[in-house]
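Visitor: Need a 3D model of the following:
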Amino acid sequence: MSHCERQGTSRLFECLTPYSIAECAVIIKATNLYRRATKWLVRYSYPVARGSGIANNNYRTSHPSLPETLGCDIYVAQSGQIRNIKLQLCQLLRHLSLVASTTGDRFGEGISLLNSEAELPSRPVHGNRGDAILPAEDMEDDGPAPGWSVCYTPGLHDIALLTEFTGQLSSYHLGPFALEGENLDGHIDAIASVNVFGWSLMDSTAHNSSCNACYMNIQGELEKILEVRDQIDGFEPPYWN
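Guide: Have a look, this model is predicted:
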C-alpha cells in the first residue's frame with residue numbers, strides 16, 4: 001500500500017492493486033490497511049464511468065469479498081469533495097466578477113445611459129474602496145447588492161485579476177469549466193498547478209489598503225481549497241467491530 005501511496009495514480013480508469021489490498025484487509029481483518037486502501041481509492045480512482053454518472057462496480061468480478069456498496073461509497077465520497085471544490089472556486093470567481101462589474105460612486109448614476117464607449121470615465125489602474133470596507137474583507141457579502149458596492153470603484157487591476165483567474169480556471173478545467181468524470185486527485189492537482197505569478201504583477205503596496213486586487217490573496221484562497229487533501233479519509237471495514 002505504501003508503494004501505491006507514493007506513486008499516486010497512472011491516470012488509468014482504475015487501478016486494481018488497492019482493491020486487492022482492500023480485499024486482503026477484509027480477509028485478515030486489518031482495519032487500518034482497509035482504511036488506507038479505500039482512502040487511496042477515494043482520491044485517485046475513477047469510480048464513475050466517464051459521462052455515465054453510474055458508480056463503477058466492475059471490481060466486484062475480481063474481488064468478491066469487498067462490500068457490494070463500495071463503488072457507490074467511493075462515488076459519494078469523491079463527488080462530495082469535488083462538488084465542494086467547484087463551489088468554492090465558483091464563489092471566488094463570482095466575487096471577482098462582482099468587484100470588477102460594480103460601478104461605484106465615481107461612475108455616476110447615468111452610466112448605463114451613456115451613448116458611446118468614448119463617454120465612459122477613464123478607468124483608474126487601481127480600485128478605490130471609498131468610505132466602505134474592501135470587498136475581500138467581507139467575501140460572504142456577495143448578495144445582489146453587497147454593502148461595499150455603492151462605494152467601491154474597480155480599477156484595471158480588478159479587471160485584470162478577474163480575466164486572468166477566469167483564464168486559469170478555463171485552462172485547467174476547474175470550477176465552472178470542470179470536465180465530467182475527472183477524479184478527485186485531478187482537481188487537486190489542477191488547483192496546485194495554477195500559475196499565480198501574473199496576478200501579482202500589478203500589486204502595489206501603496207494601494208494595498210484601497211485596491212481589492214492588491215489586497216486580495218488569491219494564492220491563500222487556493223491554499224484553503226487545497227486543505228481538502230487533509231480531509232480525505234478511507235472507510236471503516238463493514239465486517240467487524
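
Visitor: burial measure for Leu87, as a count.
Guide: Number of residues near Leu87 (other Cβ atoms under 10 Å) recorded here: 12. Placement of C-beta: from N, CA and C, glycine included.

Visitor: Secondary structure element for it, which one?
Guide: In this structure, Leu87 sits in helix 70-101 according to DSSP states H and E.

Visitor: Give the buried residues for that helix.
Guide: 70-75, 77-78, 81-82, 85-86, 88-89, 92-93, 95-96, 98-100 (16 or more other Cβ atoms under 10 Å).

Visitor: helices and strands around that helix, which ones?
Guide: helix 31-44, helix 156-171, helix 184-193, helix 218-225 (3 or more Cβ pairs under 8 Å, 6 or more residues apart in numbering; DSSP states H and E).

Visitor: Looking at the ones you listed, spot the one closest to Leu201.
Guide: helix 156-171 (8.4 Å; Cβ to Cβ).

Visitor: residues contacting the residue positioned nearest the centre of the chain?
Guide: Centroid-nearest residue in the chain: Ile85, 3.6 Å away (criterion: Cα atoms, centre = their mean). Residues counted as contacts of Ile85 (Cβ atoms under 8 Å, 6 or more residues apart in numbering) are 174, 187-188, 191, 225, 228.

Visitor: Would you mind giving the domain segments of the chain?
Guide: Using automatic domain parsing, the domains assigned to the chain come out as 2-78, 84-229.

Visitor: Against which helices or strands is the helix or strand bottoming out on mean pLDDT in the chain packed?
Guide: The weakest-scoring helix or strand in the chain, judged by mean pLDDT, DSSP states H and E, is helix 2-7 (a mean of 81). Helices and strands touching helix 2-7, by 3+ Cβ pairs under 8 Å, 6+ apart, are helix 16-28, helix 31-44.

Visitor: Mean pLDDT lowest where, among those helices?
Guide: Note on the helices and strands packed on helix 2-7: lowest mean pLDDT is at helix 16-28, with a mean of 89.

Visitor: who does that helix touch, helix- and strand-wise?
Guide: Applying 3+ Cβ pairs under 8 Å, 6+ apart, we find helix 16-28 packed against helix 2-7, helix 31-44.

Visitor: wait, isn't Pro238 in contact with Glu68?
Guide: No: using Cβ atoms under 8 Å, Pro238 makes no contact with Glu68, being 9.8 Å away.
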